[in-house]
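[1] My questions are about this predicted structure, shown below with the sequence.
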Amino acid sequence: MLDFKWRHFQGEVILWAVRWYCRYGVSYRDLEQMMGERGVGVDHSTIYRWVQKYAPEIEKRLRWQWRRPRSTSWRVDETYVKVRGTWTYLYRALDKHGSTIDFYLSPTRNAKAAKRFLGKTLNGLKDWEKPEVINTDKAPTYGIAISELKAEGKCPQTTLHRQVKYLNNVIEADHGKLKQLIRPVRGFKTLKTAYATIRGFEMMRALRKGQAAIFNVTQDIHGEARIVERAFGIGASALADAVALIGEQLELQPA
């Protein structure tokens with residue numbers, strides 16, 4: 001496992017810590033104690049370094065598995081994240097069912113940032129995955145960004161930009177759940193560390209919402225853990241996991 005070469009701990013332990021931190025909204029010191037109860041003596045500063053290195057890598061490797069909108073009706077909004085005492089802006093896009101499509105952390109809130117975010121979100125999607133409707137708040141920046149993306153051929157000409165406040169209740173509620181994970185951090189030091197950590201939060205939120213359910217062999221929390229481990233070549237393949245599960249189920253059936 002070259003991804004964990006020269007690390008004092010095994011890859012399973014490192015991914016275990018990163019998953020717990022990004023999924024449950026605990027502080028680094030609390031996680032240090034939780035791991036100590038399980039016989040893993042690791043300092044909270046080491047866990048921090050693990051999160052900074054591996055949370056973005058997990059999100060990158062699993063991106064193709066969870067990032068597929070279930071609807072062409074999107075909800076786009078931004079929320080505030082404090083970085084070194086200054087508010088920054090986390091742009092987010094969900095479909096109408098609440099599935100995360102993409103996100104982007106920006107130091108500014110203007111048409112340029114909105115365009116950069118929407119361009120990133122549209123990039124890599126198939127034509128049938130691109131939005132028929134994008135619902136936003138009343139901020140004029142989104143209208144400018146969408147118009148420019150249409151002119152550049154990056155957004156379908158038929159995409160309707162709608163500004164209906166109550167339709168964004170889905171994404172506003174999801175902001176709150178994400179903030180529960182961010183709260184124990186008590187402020188990020190830099191934009192880079194903030195974005196690295198948030199990538200882990202967003203990825204684990206997507207898995208928790210079942211966005212990679214097709215790859216979750218056991219359809220439970222253990223299956224989520226295996227999705228992450230397989231991305232780093234730890235343990236058996238998904239096919240081997242499925243075969244083993246079927247074998248266990250057959251053994252449990254009465255003769």
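    Received the coordinates, thanks. Numbering: from 1, shown residues only.

[2] buried stuff in stretch 217-234?
    By neighbour count on 16 or more other CB atoms under 10 Å, the buried set for stretch 217-234 is 217, 223, 224, 225, 226, 227, 228, 229, 230, 231, 232, 234. For the C-beta atoms, the positions are set from N, CA and C on the backbone; glycine is no exception.

[3] Tell me which residues of the lowest-mean-pLDDT helix or strand in the chain come out buried.
    Each helix and strand of the chain was given a mean pLDDT (mean pLDDT, DSSP states H and E); the minimum falls on helix 238-252 at a mean of 75. Residues residue 241 are the ones in helix 238-252 that count as buried (16+ other CB under 10 Å).

[4] Other residues contacting it?
    Applying CB atoms under 8 Å, 6 or more residues apart in numbering, the contact partners of helix 238-252 are 215, 217, 218, 226, 230, 235, 236.

[5] swap in stretch 220-228?
    Contacts of stretch 220-228 from elsewhere in the structure, counted by CB under 8 Å, 6+ apart, are 15-16, 19, 58, 62, 65, 207-208, 212, 215-218, 235, 238, 241.

[6] same question, stretch 73-85
    With contacts defined as CB under 8 Å, 6+ apart, stretch 73-85 is touched by 87-96, 101, 105, 107, 109, 118, 131-137, 142, 167-168, 170-172, 175, 178-179, 182, 187-191, 194, 198.

[7] List the buried residues of it.
    Using 16+ other CB under 10 Å as the test for burial, stretch 73-85 gives 73, 74, 75, 76, 77, 78, 79, 81, 83.

[8] tell me the domain boundaries of this structure?
    1-66+212-255, 73-188 (automatic domain parsing).

[9] pull the longest helix from this protein.
    When the chain is parsed with DSSP state H, its longest helix is helix 44-66.

[10] Which ones among the contacts of stretch 73-85 map onto helices?
    Residues of the contacts of stretch 73-85 located in helices (DSSP H): 118, 142, 170, 171, 172, 175, 178, 179, 182, 191, 194, 198.

[11] hang on, the earlier thing: make a PyMOL selection of whichever of the contacts of stretch 73-85 turn out to be buried.
    Selection of buried members from those for PyMOL, criterion 16+ other CB under 10 Å:
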select buried, resi 88+89+90+91+92+93+94+95+96+101+105+109+118+131+133+134+135+136+142+168+170+171+175+178+182+188+191+194+198
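
[12] Now the two most distant members of the buried residues of stretch 217-234.
    The distance between the two most remote of those (CB to CB) is 16.7 Å, for 217 and 232.

[13] top of the contacts of stretch 220-228 by neighbour count?
    Within the contacts of stretch 220-228, most neighbours by other CB atoms under 10 Å means residue 207, with 27 neighbours.
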